[in-house]
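J.: coords please:
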Amino acid sequence: MRRRRLLQYWATTCLIAPLGLAAPCLAASPAKPLPSWEKVDQVARNYFEALSDRKPDDILSQDQVKPLLAQLERLGWKVPGAAGLLKRVPSEGDFIVKQFRTPAGTQFMRQIARYPDGYDRVDHLSRLPQGEAKVRELIRGPGGYKLIEYMTTAPGGVALGKMLSVDQGGRGFNSATGKLYTPSAVIEALKSSYTQTVTPSR
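T.: Sure thing, here's the model as predicted:
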């Protein structure tokens, strides 16, 4: 009889949960404490360093960032707006990602990565009429990276960018695209998100 009453109690409070009220049948697992930024930063840097066949400033794609976001969630921090952050990382099908993963493209990529906004300029350039063909030409040709060097470091390159801004697809040619191309850019975005987590704006 006592056993039957216990089963009835269990069914009533735990399985049926009358009126839609959750019953405290099983204690919820305690939430993990929020890890410090130093820990998040360390995990992110270790993760990127462990990626194979790449240098620190090589371009990233979304498939390389998704596991990090999952790892941070397991650590105790679910990145707010993770989907939006991920959208800022180029996709695997992005034109420049595919080009930069060819042997010649990898060499070109590592030459332009040292220039400020080098990835942004190539990205902008690829979106101009015949822009993809031009990028392929720069990758194949000797010294093609010098055009990106000129665009990013010389006054004449800035003037050229202003001229290209009026072309179809060229708007804001001299401006950053807002994409997260490299590990350092992703970590900076994570830091900004973490700051909002611990000190939300009012």
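J.: all contacts plus neighbour counts: C-alpha atoms, from now on.
T.: Fine.
J.: from Tyr115, how far off is the residue nearest the centre of the chain?
T.: Centrality entry for the chain: nearest residue to the mean C-alpha point is Val89, 3.9 Å, by C-alpha atoms, centre = their mean. Distance from Val89 to Tyr115, counting by C-alpha to C-alpha, to the nearest Å: 19 Å.
J.: the residue nearest to the centre of the chain against Leu180, yeah?
T.: Yes: between Val89 and Leu180 a contact is recorded at 4.8 Å, counting by C-alpha atoms under 8 Å.
J.: mutual contacts of the two, please.
T.: Shared contacts of Val89 and Leu180, defined by C-alpha atoms under 8 Å, 6 or more residues apart in numbering, comprise Leu60.
J.: now do the SS call for the residue nearest to Phe108 when sequence neighbours are not counted.
T.: Closest residue to Phe108 apart from its sequence neighbours, by C-alpha to C-alpha, 6 or more residues apart in numbering: Ile139 at 5.8 Å. The local conformation at Ile139, judged by DSSP: H, G, I helix; E, B strand; the rest coil, is helix.
J.: what count of nearby residues applies to Ile139?
T.: The number of residues packed near Ile139 is 22, by other C-alpha atoms under 10 Å.
J.: next: the one 3 residues further on.
T.: Other residues within reach of Pro142 by the criterion other C-alpha under 10 Å amount to 10.
J.: and the pLDDT at Pro200?
T.: pLDDT recorded at Pro200 is 69.
J.: just confirm Gly169 contacts Gln130, I think it does.
T.: No: using C-alpha under 8 Å, Gly169 is not in contact with Gln130; the gap is 10.7 Å.
J.: higher neighbour count, those two?
T.: Set Gly169 next to Gln130 and count neighbours by other C-alpha under 10 Å: Gly169 wins out with 16 against 10.
J.: neighbours of the closest residue to the more buried one other than its chain neighbours, how many?
T.: Of all residues not flanking Gly169 in the chain, Leu128 sits nearest, at 5.1 Å (C-alpha to C-alpha, 6+ apart). Around Leu128 there are 19 other residues, counting by other C-alpha under 10 Å.
J.: then His124?
T.: Neighbour count for His124, taken as other C-alpha under 10 Å: 23.
J.: ok, Glu137 next?
T.: Under the criterion other C-alpha under 10 Å, the count of neighbours that Glu137 has is 12.
J.: alpha carbons only: can I get the lengthiest helix in the chain in CSV?
T.: Longest among the helix segments of the chain by residue count, using DSSP state H, is helix 183-198. Provided in CSV are the C-alpha atoms of helix 183-198 (Å, rounded to 0.1, in the frame of the first residue of the first chain):
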residue,chain,number,x,y,z
PRO,A,183,41.7,34.4,-34.8
SER,A,184,42.7,37.8,-33.3
ALA,A,185,39.6,39.4,-34.7
VAL,A,186,37.4,36.6,-33.3
ILE,A,187,39.0,36.9,-29.9
GLU,A,188,38.4,40.7,-29.9
ALA,A,189,34.8,40.1,-30.7
LEU,A,190,34.5,37.6,-27.9
LYS,A,191,36.1,40.0,-25.5
SER,A,192,33.5,42.7,-26.4
SER,A,193,30.7,40.2,-26.0
TYR,A,194,32.1,39.0,-22.6
THR,A,195,32.3,42.6,-21.4
GLN,A,196,28.7,43.0,-22.2
THR,A,197,27.9,39.8,-20.3
VAL,A,198,29.5,41.0,-17.1
